[in-house]
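In: this one's sequence-less:
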């Protein structure tokens, strides 16, 4: 059932509408609810495929649904439609306006309506796709403030990595923080890259979502084998590699690779001279879970993240 | 005056990214003024240029206290301004959301760190700020309420208003906030405009800074004190919001004194021109902020009225 979460008139003959599709059993179900949201950043599209796959599976197997599944594929429809990361017209990051305000600006009002709509859910997944610059291994990021509640859920989501990061005041304006603060366990998924679809990641996460739905008694299905993610809660375990010079970055290693200390993971090239200006090498053995996809770099641009942890194969 | 390089990043194809500062005097680091942080802050860089001209003249006339150092940085982001982009050209990040910065981090974090390393050494810091909403302001000093705010110094600008703002989470990474936390007395000065140049507003802000300098012994002369500032909190400003979206036509001007019930603006149907909403003053007061774009979204605070 298509439902409108927020509706705001635009200046010239158009309505901004945030919509969701609600799936629930004919008898109304057991009262449990899972929400799948994506598209806060208009350039992150990996969640589109996940929404499609989840909706398709439920549509084809309605008899297995026990609770409610709400799918919100486009929290920032103007951004998605105009290939814009933020909210067009405001140049605002939508994931910095939550929880919004009912009598605030258009963006704050929309944010509030979204939060109100999600309140009461048993679980929310907020699916992101890094940005256009970086490719990410499927992972769930958790604010340490909420780790006790969220890590056990993240372990069931069939992702490769669970990253518990430090509390940051700025992140208080995210959807996930607003929902977790209101008692709705909300997992932030990062996977793939901006402006593209990675079908195998879509399939991987969809499988994890059905596992979570089964665990929360929203879905009646067979237990399947899930990936056991690596969990990191120590900031010293994540190593950041930034560009030492401006130039063109060419990656040598794919994300998800295990790298050895001293191994070259990419290089910064100078097309004028044909010189390799800098070799980018792994400072430690570890799991390359982020790698830069977009070649043009400024000094300081993030090139890679490596998880350095005992026991990694 | 000495022109000096504050920060530099070599670029592959564009000219190097450079932030230049203009230094007057030497000795105690008394005052740092930062102009535009975003690429569309034209009035802010223009005001800085007017300030530098006045300081050069004052220096030539021997009216600056040579034992107190002033640093003026007209733009932290010239490479965005040169391509008419508000934020950082590649990743669209905002330098004013990166303070105090991180010198091993991403590009704009490095810029913030490199700049903050220089500007945090000053006793007083002034930034020419702009609002995220497009519009015209009543000139004022804005300070964040961090517990470190210095209201007495804020009055030394002699501007009509001081706005005390309770910081929100996203404010904690701004230059103004971090200046305060790192013990610089920090003030954001708002002139009337951002993207349009206004001579009168630029001169008003420059005069305010000269008054502040005189009060702090940076300028060796007496100056008239300017206006007695009225202190208000941002929560005292009454927002006037249209229920409808359309073309915005103001019926009053910024800084204008209005009466309760007075017509302030009309919203027109963008295609047919009909007046679909009229906005009236909710109280007697001064128009403190006025939206200045042709179109308006519903529920946008188009007017902020100071009762």
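Out: It's in. As the structure is a computational prediction, the values presented were derived from the model and not from experiment.

In: what's the residue closest to the geometric middle of the chain?
Out: All of this is about chain A. residue A:128 (2.4 Å; C-alpha atoms, centre = their mean).

In: ah, no, chain B please
Out: Centroid-nearest residue in chain B, with C-alpha atoms, centre = their mean: residue B:129, separated by 1.8 Å.

In: my read: it touches residue B:187, true?
Out: No. At 9.4 Å, residue B:129 does not count as touching residue B:187 under the criterion of C-beta atoms under 8 Å. For every residue, glycine as well, the C-beta is placed using N, CA and C.

In: how far away is the residue in chain A sticking out farthest from the centre from residue B:144?
Out: Distance to the chain centre peaks in chain A at residue A:273, reaching 38.9 Å (criterion: C-alpha atoms, centre = their mean). The gap separating residue A:273 from residue B:144 is 48 Å, by C-beta to C-beta, to the nearest Å.

In: Can you tell me the SS state at residue B:127?
Out: Following DSSP: H, G, I helix; E, B strand; the rest coil, we place residue B:127 in the strand state.

In: Pairing-wise in the sheet, spell out the partners of it.
Out: The partner list for residue B:127 in beta bridges (DSSP bridges) reads residue B:34, residue B:188.

In: Check whether it really touches residue B:189, as I assumed.
Out: Yes. Counting by C-beta under 8 Å, residue B:189 is a contact partner of residue B:127 at 7.2 Å.

In: the more surrounded of those two?
Out: Taking other C-beta atoms under 10 Å in any protein chain shown, residue B:127 and residue B:189 do not tie; residue B:127 has more neighbours (26 against 23).

In: what do residue B:129 and residue B:187 both touch?
Out: Counting by C-beta atoms under 8 Å, 6 or more residues apart in numbering or on different chains, the residues touching both residue B:129 and residue B:187 are B:142, B:176.

In: which parts of the stretch 1-150 of chain B sit against chain A?
Out: Contact residues (C-beta under 8 Å from any C-beta of the partner chain) of the stretch 1-150 of chain B with chain A: B:9-12, B:17, B:86-87, B:90-92, B:97, B:104-110, B:132-133.

In: Select from those residues every entry located in helices.
Out: If you go by DSSP state H, these have B:107-110 in helices.

In: so which of the residues you listed comes closest to residue A:182?
Out: For these, the residue nearest residue A:182 by C-beta to C-beta is residue B:109; the value is 30.8 Å.

In: Contacts only, for that closest one.
Out: Listed by C-beta under 8 Å, 6+ apart, the contact partners of residue B:109 are A:300, B:98, B:101-103.

In: so what pLDDT did it get?
Out: Here the pLDDT value assigned to residue B:109 is 96.

In: likewise residue A:170?
Out: Per the predicted model, pLDDT is 67 at residue A:170.

In: Likewise for residue B:63?
Out: 96.

In: Same check on residue A:166?
Out: Taking residue A:166 on its own, its pLDDT is 85.

In: again with residue B:53
Out: On the pLDDT scale, residue B:53 is placed at 98.

In: ok now do the residue of the stretch 101-250 of chain B found nearest chain A, which residues does it touch?
Out: Nearest residue of the stretch 101-250 of chain B to chain A: residue B:107, at 3.7 Å (C-beta to the nearest C-beta). Taking C-beta under 8 Å, 6+ apart, we find residue B:107 in contact with A:298-301, B:9, B:88, B:90-91, B:93.

In: One more pass at 6 Å, please.
Out: When contacts are counted by C-beta atoms under 6 Å, 6 or more residues apart in numbering or on different chains, residue B:107 touches A:298, A:300-301.

In: element containing the closest residue to residue A:165 other than its chain neighbours?
Out: Nearest residue to residue A:165, sequence neighbours excluded (C-beta to C-beta, 6 or more residues apart in numbering or on different chains): residue A:141, at 6.1 Å. Assigned by DSSP states H and E, residue A:141 belongs to strand A:134-143.

In: which outside residues touch the helix or strand just after that strand?
Out: Per DSSP H and E, strand A:134-143 leads on to helix A:147-154 as the next helix or strand towards the C-terminus. Outside of helix A:147-154, the residues within contact range by C-beta under 6 Å, 6+ apart are A:140, A:142, A:162, A:164, A:185, A:187.

In: What residues sit buried inside the helix or strand where the fourth one lies?
Out: Counting by DSSP H and E, the element that carries residue A:164 is strand A:161-165. For strand A:161-165, a neighbour-count test (16 or more other C-beta atoms under 10 Å in any protein chain shown) marks A:161-164 as buried.

In: and if you look at stretch B:234-250?
Out: Buried residues in stretch B:234-250, counted by 16+ other C-beta under 10 Å: B:237-242, B:245-248, B:250.

In: Return only those of these found close to chain A.
Out: Among these, the residues lying close to chain A (C-beta under 6 Å from any C-beta of the partner chain) are B:245-246.

In: Export the buried residues of stretch B:234-250 to a markdown table and append columns for pLDDT.
Out: Formatted as a markdown table, the buried residues of stretch B:234-250 follow (pLDDT from 0 to 100):
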| residue | pLDDT |
| --- | --- |
| B:237 | 95 |
| B:238 | 96 |
| B:239 | 93 |
| B:240 | 96 |
| B:241 | 94 |
| B:242 | 95 |
| B:245 | 96 |
| B:246 | 98 |
| B:247 | 98 |
| B:248 | 98 |
| B:250 | 98 |
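
In: now, which of the buried residues of stretch B:234-250 lie within strands?
Out: Mapping the buried residues of stretch B:234-250 onto strands (DSSP state E) picks out B:238-240, B:246-248, B:250.

In: Which pair of these spans the longest distance?
Out: Greatest spacing in these, by C-beta to C-beta: B:238 and B:247 (23.3 Å).
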